[in-house]
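**Q** here's a sequence, model it:
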Amino acid sequence: MNESNDLSDRELEILKLVATGASNKEIAQKLFISLNTVKVHLRNIFAKIGVASRTEAAMYSVKIGLVSTPTLTNETSLEEDSESDRPLPEGIFPTSQMLTRSAARPYWLNGFLIAAAIAVIVLGLSVLMVIRNQRASEVASAIQSQPAQSERWKNLTPMPTARFGLAVAVVDNQVYAIAGETDQGVTGVVEKFDPSSNLWTERASKPTPVSDASAAVTGGEIYIPGGRLVDGSVTNINEIYNPRENRWKEAAPMPTALSAFANVAFEGKLYLFGGWDGKTYVDSVYRYDPELDEWIELSPMPTARGFAGAVVVGEKVYVFGGFNEKKTLAVNEVYSPSLDGTQEKPWETGVPLPAGISAMSAANLGEIIHVMGGESTQPSGLTMLEYFPQQKKWQVLDGSVDQPWSHLGLAPLGTRLILVGGKLNGVPTDQVVAYQALYTYAIPLVP
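**A** Purely as a prediction, here's the structure:
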């Protein structure tokens, strides 16, 4: 997607939904954002890519490889009404002119026409219910036929450099494993994995070797702020990698040196939560704006901690687990960036993890939070959890790794999660495996 550099991750997500024929209302519901926010995003997208209609936007998404085949509709405006707001076509219900004409008809004829219309509606609804029930049965059968957990795993080519505490990011369907700690110490090595060829290649090393750092992607670039240095101290350096040019550059440093923080990209900006400042675990929250190249301190987390997980779903950031010098935590705190700086509280308490977990990796796949690995208060093999934000429910899954696996990297790719490196039974590992997290099924619309 070489021509999509100016679009943020959220804008690319919305553009892809437009290309699949989703309406503004459907996009808002899927991404848990307001209808007005969708319209604002679409205005920005249309301006950036130079199109004037949804059809042109869909064709552009094919051009940059976002989708292979668009679903074109007759809706050309970014301001199109939601399905429920559109006027019904004439003939389905009487218009004002029809009502005027009907006044001249005999009373019994009007009653007959109304009864006939009701009969047609009832018949139509009955047919729709039959189709809906059949589709529900087909979906249930498909779900029941999903492979067992053990069949969802696939070993991939090992990473050339075994390490843990590494940063992992995905750009243009390529997985980048950056820095971390080997059995020889902290490194700045960068290696790229191509899932289509199952091969690794070495790239330009990070200028400042670090461990216990995390990556966030926006505008096609990978941001790696902070981290733990070779001598064990922490840094506030902020280095950015351009994977297309295989080049590093330095940006404005963080307000304070940190490692072991949780890091996400949201609406084209970076958000950092907690971490270790070299002396203690902190509750601080920082936002970095790449366009302004500046950091701003925001409302702190309710719970100070490091080695937590953070995932964006809709317009909220879920920050869960971690360690606070005393114990491994199960806390789950939910942050709303749009509320920070207003009279409303940006933090709320979410459903806690089933057990305390730290040093895990997590990602949003299919609007489900997937948590992989970590150091848990209930020692076992690979910890696997799913969280459903709408149902506010955690689900524990069975893993295929029978040794403790922590400090690993996680890359969401399509319907799969790629697990990279980490500590396997306390030792740096080069292991790379793919987990089939989601399955898609083609369900016919009619029998």
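**Q** can you list the low-confidence ranges for the stretch 301-447 of the chain?
**A** For the stretch 301-447 of the chain, applying pLDDT under 70 flags the ranges 379-381, 400, 440-447.
**Q** let's see that with 50 instead.
**A** Applying pLDDT under 50 to the stretch 301-447 of the chain flags the ranges 441, 443, 446-447.
**Q** cool, the stretch 101-250 of the chain as well?
**A** 101-104, 139-140, 142-145.
**Q** where do the strands of it begin and end?
**A** 153-155, 167-171, 174-182, 185-194, 199-203, 216-218, 221-225, 238-242, 247-251 (DSSP state E, counting those that start in this stretch).
**Q** what about the residue nearest the centre of the chain, distance to Tyr387?
**A** Geometric centre of the chain, nearest residue: Asn364, 3.8 Å, by CA atoms, centre = their mean. Look at Asn364 and Tyr387: by CB to CB, to the nearest Å, they are 10 Å apart. Where you see a C-beta, it was placed from the backbone N, CA and C, and this is true even at glycine.
**Q** again with Asp183
**A** Taking CB to CB, one finds Asp183 at 34 Å from Tyr387.
**Q** more neighbours, these two?
**A** Neighbour totals were compared for Asp183 and Tyr387, and Tyr387 leads with 23 against 9 (other CB atoms under 10 Å).
**Q** which residue ranges of the protein form helices?
**A** 9-19, 24-31, 35-49, 54-63, 96-102, 107-144 (DSSP state H).
**Q** ok, and for stretch 384-404, which residues are buried?
**A** Neighbour-count burial for stretch 384-404, counted by 16 or more other CB atoms under 10 Å, picks out 384-387, 389, 394, 397, 399-401, 404.
**Q** which pair in those residues has the greatest spatial separation?
**A** Pro389 and Pro404 (27.5 Å; CB to CB).
**Q** before we move on, the earlier item: got JSON lines for the strands of the stretch 101-250 of the chain, with distance to Asn332 and mean neighbour count too?
**A** Written out in JSON lines, the entries for the strands of the stretch 101-250 of the chain read as follows (distance: least, CB to CB, whole Å; neighbours: other CB atoms under 10 Å):
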{"stretch": "strand 153-155", "distance to Asn332": "27", "mean neighbour count": "13"}
{"stretch": "strand 167-171", "distance to Asn332": "23", "mean neighbour count": "22"}
{"stretch": "strand 174-182", "distance to Asn332": "27", "mean neighbour count": "24"}
{"stretch": "strand 185-194", "distance to Asn332": "31", "mean neighbour count": "19"}
{"stretch": "strand 199-203", "distance to Asn332": "35", "mean neighbour count": "15"}
{"stretch": "strand 216-218", "distance to Asn332": "20", "mean neighbour count": "20"}
{"stretch": "strand 221-225", "distance to Asn332": "24", "mean neighbour count": "24"}
{"stretch": "strand 238-242", "distance to Asn332": "28", "mean neighbour count": "20"}
{"stretch": "strand 247-251", "distance to Asn332": "31", "mean neighbour count": "14"}
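**Q** okay, now Met254: neighbour count?
**A** Residues near Met254, counting by other CB under 10 Å: 22.
**Q** quick one: contacts for it?
**A** With contact taken as CB atoms under 8 Å, 6 or more residues apart in numbering, Met254 is in contact with 225-226, 236-238, 272, 286, 288, 295.
**Q** can you check Val210 too?
**A** 179, 186, 188, 224, 226-229, 235, 259.
**Q** returning to what we had before: for ChimeraX, what selects the buried ones among the contacts of Met254?
**A** To isolate the buried members of the contacts of Met254 in ChimeraX, using 16+ other CB under 10 Å:
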select :225,226,236,237,238,272,286,288,295
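**Q** just put the contacts of Met254 in TSV and tack on distance to Val217.
**A** Rendered in TSV, the data for these read as follows (distance: CB to CB, whole Å):
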residue	distance to Val217
Pro225	13
Gly226	16
Asn236	21
Ile237	18
Asn238	14
Leu272	15
Tyr286	17
Tyr288	13
Trp295	18
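**Q** and the gap between Asn263 and Ala47?
**A** According to CB to CB, Asn263 stands 29 Å off from Ala47.
**Q** and if you look at Arg10?
**A** 15 Å.
**Q** more crowded one of the two?
**A** Neighbour totals were compared for Arg10 and Ala47, and Arg10 leads with 21 against 10 (other CB under 10 Å).
**Q** now do the contacts for the closest residue to Glu294 other than its chain neighbours.
**A** Once flanking residues are discounted, Glu294 sits nearest to Ala252: 6.0 Å by CB to CB, 6 or more residues apart in numbering. Going by CB under 8 Å, 6+ apart, Ala252 touches 238, 288, 293-295.
**Q** again, 10 Å this time
**A** By CB atoms under 10 Å, 6 or more residues apart in numbering, Ala252 lies in contact with 225, 236, 238, 288-290, 292-295.
**Q** wait, Ser336 sits on Val313?
**A** No. Applying CB atoms under 10 Å, one finds Ser336 not in contact with Val313, separated by 11.5 Å.
**Q** any chance of the strands of the stretch 101-250 of the chain in CSV, with distance to Leu408 too?
**A** Listed next are the strands of the stretch 101-250 of the chain as CSV, based on distance: least, CB to CB, whole Å:
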stretch, distance to Leu408
strand 153-155, 14
strand 167-171, 8
strand 174-182, 10
strand 185-194, 14
strand 199-203, 16
strand 216-218, 17
strand 221-225, 17
strand 238-242, 20
strand 247-251, 24
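**Q** and the protein, what are its domains?
**A** Domain assignment of the chain by automatic domain parsing yields the ranges 9-78, 101-142, 155-436.
**Q** and the gap between Ile45 and Pro195?
**A** Ile45 is 27 Å from Pro195, by CB to CB.
**Q** which of the two has more neighbours?
**A** Ile45 (23 against 18).
**Q** so for the more buried one, what's the pLDDT?
**A** What the model reports as pLDDT for Ile45 is 87.
**Q** so it touches Leu12, yeah?
**A** Yes. Ile45 is in contact with Leu12 according to CB under 10 Å; the separation is 8.8 Å.
**Q** anything in contact with each of these two?
**A** Ser61.
**Q** who's in contact with Gly219?
**A** Per CB under 10 Å, 6+ apart, neighbours of Gly219: 4-9, 240, 242, 265, 268, 290-291.
**Q** which one of those residues is nearest Pro302?
**A** Closest approach between those and Pro302, by CB to CB: Ala265, at 22.6 Å.
**Q** identify the bridge partners of the closest one.
**A** Leu270 (DSSP bridges).
**Q** okay, now it: neighbour count?
**A** Ala265: 22 neighbours (other CB under 10 Å).
**Q** just Ser358 next, same as before
**A** Neighbour count for Ser358, taken as other CB under 10 Å: 23.
**Q** ok, Thr303 - contacts?
**A** 274, 281, 283, 319, 322, 324, 329, 331-333, 347, 349.
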